[in-house]
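K.L.:
here is the input, now give the coordinates:
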Amino acid sequence: MNEMEKAAKGLLYDANYDEQLIKVREVTKKRLFDFNHTSFVDYEKRHSLLTQILGEMGENCTIEGPFYCDYGYNITVGTNFYANVNLVILDGARVSIGHNVFIAPNVGIYTAGHPLDVERRNQGLEYAWPVTIEDNVWIGAGVHILPGVTISSGSVIGAGAVATRNVPAESLVVGNPGKVVRKITDEDKKRFQ
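P.N.:
Alright, predicted model coming up:
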């Protein structure tokens, strides 16, 4: 089993020294460099580069630069997706993002984790667990989403929160570690009327 296959299974794999993974990351980094240095008004070129970077991308997808990821092919985004500046996705495993998802600036989505013991960590070993963000989710500024987490439909992750566990549907999460503080209700619709 090669290192890419180990990563896909959530096993420890050599992310730092495996030549195949290094080459794939180099191709992605080149495309990201081009994307991040293309004028924000050159929509056609930016869109073309995103289709080369991401595994799958729905209609009406906008990612403001700079944007960073490891591989790109593990990332899928649905329709009506918007990500503001400084989005970082460490996609050693699958990152599935649904429809109508909005991401504020300086957000990190991480599938990668490292062993606690120094010996294996110094060998360059890590694991990767998938992250899922379902439909109609809003992720506030400076949020960090950790490996293996699912953010369920209709939820809001408040600015600065660290999502360390799964989030139920229609929930508001704040804090570090992130905690559900309440459900999002019809009363929230009335707030700005």
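K.L.:
may I ask which helix or strand of the protein has the lowest mean pLDDT?
P.N.:
Taking mean pLDDT, DSSP states H and E as the measure, the helix or strand of the chain with the lowest value is helix 186-190, at a mean of 82.
K.L.:
buried stuff in that helix?
P.N.:
With burial defined by 16 or more other CB atoms under 10 Å, not one residue of helix 186-190 is counted as buried. Glycine gets a C-beta too; all of them are placed from N, C-alpha and C.
K.L.:
what helices and strands are in contact with that helix?
P.N.:
Here helix 186-190 is seen to pack against no other helix or strand when contacts are counted using 3 or more CB pairs under 8 Å, 6 or more residues apart in numbering; DSSP states H and E.
K.L.:
residue ranges of the helices in this structure, please?
P.N.:
The residue ranges that make up the helices of the chain, judged by DSSP state H, are 3-8, 19-36, 43-53, 118-122, 186-190.
K.L.:
Val149 is nearest to which of the ones you listed?
P.N.:
helix 3-8 (17.3 Å; CB to CB).
K.L.:
look up how far Ala104 lies from Ser148.
P.N.:
One correction, residue 148 is Gly, not Ser. According to CB to CB, to the nearest Å, Gly148 stands 22 Å off from Ala104.
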